[in-house]
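K.L.:
Fold the stuff below for me.
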Amino acid sequence: MLLPALAKAKAKAKQTSCLNNFRQIGIATIMYTDSYKCYPGCLWLNANFYYVWPVRLFSQMGTNRSVFYCPAANLNSSWDLNANNSLGAVDPSGANDPMGISKNTRFSIGYNDWGVKDPGLPQLGLGGDVNIVGEIKDSIVKSPVNMIMLADSKPDGSFDGNMDPKTPTEWPSNRHNRRTNLMLCDGHAESPKRKDVIDPNNYAWRVRWNNDNDPHTEINWTVNPLQEAILDP
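P.N.:
Residues are numbered from 1 along each chain as shown. Purely as a prediction, here's the structure:
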């Protein structure tokens, strides 16, 4: 009887630690937007992708890379060369960054880049391919307290750090007992049920993917309940 209770308590502690990490990243986000008047954007589009948002927010945090990791995820997805041998990417200058995050890197946090729209269309998220479409100014985000910026991702060897409610591979992970931890643009963190976050019929959540705080009902998708029920890494 003790083992299930201990396992549940341990999982809850990891969820709380993950939320606290998001809150610290939230402080860095506020500092970043105060300085640059824009959000950091998702990635620099090159052959293997170079995710810029962790590097740009890390610049506001000194040396604490450990907060860019969900403790409920496998340790090999942490931002630590001793634990994660998938790190390393070519940065925007063309140089190799041994701590860089590419599309082949295991990483436990993803970024809301396009919102509910697809790449190539006007952005509803917080900035996709920044060397092509640019960053999103902070003034564009209508309701920062209601706008998803970061979420648990699925570092299962096929990392896709672009969060999207329409695409199963880009859904936030539900590893916290079917909940996903999120960080909103104002820096606060939440832990809703993942099924609500990606539900096309849940307008309260649809608006939170988009910088104009509109559900954009002209965009449609469906969610397979069997697929959503699978517990992600």
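K.L.:
Which neighbouring elements make contact with the longest helix anywhere in the chain?
P.N.:
Taking DSSP state H as the criterion, the chain has its longest helix at helix 2-36. Contact here means 3 or more Cβ pairs under 8 Å, 6 or more residues apart in numbering; DSSP states H and E; on that basis helix 2-36 packs against helix 52-58, strand 148-152, strand 182-184, strand 189-190. Yep, even glycine has a C-beta here, placed from its N, CA and C like the rest.
K.L.:
Can you give me every residue that contacts the spatially most central residue of the chain?
P.N.:
Centroid-nearest residue in the chain, with Cα atoms, centre = their mean: Gly110, separated by 2.4 Å. Contacts for Gly110 (Cβ atoms under 8 Å, 6 or more residues apart in numbering) come out as Leu150, Ala151, Asp152, Ser153, Asp160, Gly161, Asn162, Met163, Glu170, Pro172.
K.L.:
Could you find the lowest-pLDDT member of the residues you listed?
P.N.:
Across these, the smallest pLDDT goes to Asp160, namely 71.
K.L.:
residue contacts, that one?
P.N.:
So Asp160 contacts Lys103, Gly110, Ser153, Lys154, Thr169, Glu170 (Cβ under 8 Å, 6+ apart).
K.L.:
In the chain, mark out all the strands, start to finish.
P.N.:
Taking DSSP state E, the strands of the chain run over residues 43-44, 50-51, 89-90, 96-97, 109-111, 148-152, 182-184, 189-190.
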